[in-house]
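Enquirer: coords below, sequence missing:
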């Protein structure tokens, strides 16, 4: 096993080993100028797109070569797959590559800019690359007939039961629902402001401005009752329904000879891959994965220094279950001006996403305002078990995913960033140490002399192109040829 203890932060120059299959220069398709996406002032709730089932007519926000939709059994959802075709100048590969994003995020982080596009880099190396947007994220949709795009964020004509425990919305009129939800919003704002004030004491005036900004953004959700009623899923829905549906579709289109895929997951995307390996190992099934790379992921955060512990009060069932969704995207978009502008009321927020000087300000703003989405509270409640004894568990609370990871026979490359506050190296190592030694490789990027890598830097920072991507390609190429 190539296991590097998390206490020893590696210098970045030691993580670019010589390769028998050198990484070529980016093909022209990687460098090409893209049509700039329209400004999205409320990207988490509105995507004004006009899509028809035609490869040549994609929404402007989709910068992939193709956009595909996959129906998910046992649901009304069609998840979106962004496809990046392999460069004809690169070697022919044996396996397609699936990319999974973090909680409440879409495909944007994997294709942030032409100069630092994770997806374009991978297809430039010859991999048929697919980014999965899980239900509720990005361009995934409900109620779409092929040949016509129906944006679930704009559809509020249907009247369905408003999801929530502790409050019976079934017999409420639309007016009553809006009034009840306004109360929930008020409670949520108070909780958020209390958490923020614990993290950073600030002037009352600026705190009031911030509260008003968040309040204004959240109240837009009152117009999205149809959307909210459909946001009723958890982590296991992703694991058991969305990801398998996407994998089958990708295999059908790419036709790998051995029927397997390579997969990379960032944050929750990596947690999904770990959970899949654990479940398949426990059941004695083939996972369908030739090799896995996880980026800033763990099944157990309990003993780590993760900054997400700050938000655990929001995951207390007594506090949250009356709020059916958590609008991560809207909250971040509303908070961004207070983190990026004087007097930097939320100065602690930016390092959660990117280390200083790793992302250009415009790219950082794009990441914050366009990459994050709304998620069901029940999804966050299940993910919160990763901070409890035994780590992440299934919805029944009886299956602990980390307990069966050692039964997997799939090679894993686990990558951490030295300044990742959300999933620090010690959290990554808590899962790495459970995998059998011959199968796991553990890398920590960043060092005392810099550059430093935070949670999203290992995916979209320019320095990742030079340092992290080649490491991943070496691992993928080895197991693609195996």
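Expert: Good, I have the coordinates. Quantities reported herein were computed from a predicted structural model and do not represent experimental measurements.

Enquirer: now do the strands in the chain.
Expert: According to DSSP state E, the chain carries its strands in the segments 66-71, 77-84, 97-100, 129-133, 141-142, 261-266, 289-295, 325-327, 374-376, 412-417, 440-445.

Enquirer: tell me the strands beside the second one, with direction?
Expert: Based on DSSP bridges, the strands next to strand 77-84 in the sheet, each with its direction, are strand 66-71 (antiparallel), strand 129-133 (antiparallel), strand 141-142 (antiparallel).

Enquirer: going by mean pLDDT, which of the strands of the chain comes out lowest?
Expert: The minimum mean pLDDT among the strands of the chain belongs to strand 325-327 (a mean of 66).

Enquirer: re earlier: format the strands paired with strand 77-84 as CSV; extra columns: distance to residue 363 and mean neighbour count.
Expert: C-beta here means a position set from N, CA and C on the backbone, and glycine is covered the same way. Below are the strands paired with strand 77-84 laid out as CSV (distance: least, CB to CB, whole Å; neighbours: other CB atoms under 10 Å):
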stretch, distance to residue 363, mean neighbour count
strand 66-71, 22, 18
strand 129-133, 18, 29
strand 141-142, 27, 22
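
Enquirer: of these, which approaches residue 88 most closely?
Expert: Ranking the strands paired with strand 77-84 by proximity to residue 88 (CB to CB) places strand 129-133 first, at 14.4 Å.

Enquirer: let me know the distance separating residue 105 from residue 132.
Expert: From residue 105 across to residue 132, the span is 11 Å (CB to CB, to the nearest Å).

Enquirer: before we move on, what about residue 65?
Expert: Residue 65 is 16 Å from residue 132, by CB to CB.

Enquirer: same question for residue 444.
Expert: 27 Å.

Enquirer: residue 364 now?
Expert: From residue 364 across to residue 132, the span is 24 Å (CB to CB).

Enquirer: where's the residue nearest to residue 77 when sequence neighbours are not counted relative to residue 389, distance?
Expert: What sits nearest to residue 77 in space, not counting adjacent residues and going by CB to CB, 6 or more residues apart in numbering, is residue 135, at 4.1 Å. Distance from residue 135 to residue 389, counting by CB to CB: 30 Å.

Enquirer: more crowded one of the two?
Expert: Taking neighbours as other CB atoms under 10 Å, residue 135 and residue 389 compare with residue 135 leading, 23 against 9.

Enquirer: isn't the more buried one right up against residue 246?
Expert: No - distance between residue 135 and residue 246: 10.8 Å, which falls outside the contact criterion (CB atoms under 8 Å).

Enquirer: now the common contact residues for the two.
Expert: Residues touching both residue 135 and residue 246 (CB atoms under 8 Å, 6 or more residues apart in numbering): residue 79.

Enquirer: got the domain boundaries for the protein?
Expert: Domain assignment for the chain, taken from automatic domain parsing, gives 12-157+236-306+377-481, 174-230+309-370.

Enquirer: mind listing the helices for the stretch 351-482 of the chain?
Expert: 361-370, 377-383, 425-432, 457-460, 462-481 (DSSP state H, counting those that start in this stretch).

Enquirer: the domains of the chain: lowest mean pLDDT?
Expert: Among these, domain 174-230+309-370 scores lowest, with a mean of 59.

Enquirer: thought residue 408 was touching residue 277, still the case?
Expert: Yes - using CB under 8 Å, residue 277 is in contact with residue 408, at 3.9 Å.

Enquirer: give the residues shared as contacts by the two.
Expert: Between them, residue 277 and residue 408 share the contacting residues residue 287, judged by CB under 8 Å, 6+ apart.

Enquirer: if we can go back for a sec, ok, the residue nearest to residue 77 - contacts?
Expert: For residue 135, the contacting residues are 72, 75, 77, 79, 233, 237, 238, 242, by CB under 8 Å, 6+ apart.

Enquirer: picking that back up, is it possible to export the strands of the chain to TSV including distance to residue 307?
Expert: Formatted as TSV, the strands of the chain follow (distance: least, CB to CB, whole Å):
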stretch	distance to residue 307
strand 66-71	34
strand 77-84	29
strand 97-100	22
strand 129-133	26
strand 141-142	33
strand 261-266	17
strand 289-295	17
strand 325-327	17
strand 374-376	18
strand 412-417	13
strand 440-445	18
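
Enquirer: please name the bridge partners of residue 83.
Expert: Here residue 83 sits in beta bridges with residue 66, residue 130, going by DSSP bridges.

Enquirer: and it, how many neighbours does it have?
Expert: Residue neighbour count, defined by other CB under 10 Å, stands at 21 for residue 83.

Enquirer: now do it against residue 403, distance only.
Expert: 36 Å.

Enquirer: on that earlier part again, what's the most buried one of the helices of the stretch 351-482 of the chain?
Expert: Stretch with highest mean neighbour count among the helices of the stretch 351-482 of the chain: helix 457-460 (a mean of 27; mean count of other CB atoms under 10 Å).

Enquirer: need the contact partners of it.
Expert: 109-110, 112-113, 116, 118, 266, 295-296, 354-355, 358-359, 363, 367, 415-417, 420, 445, 463-464, 468.
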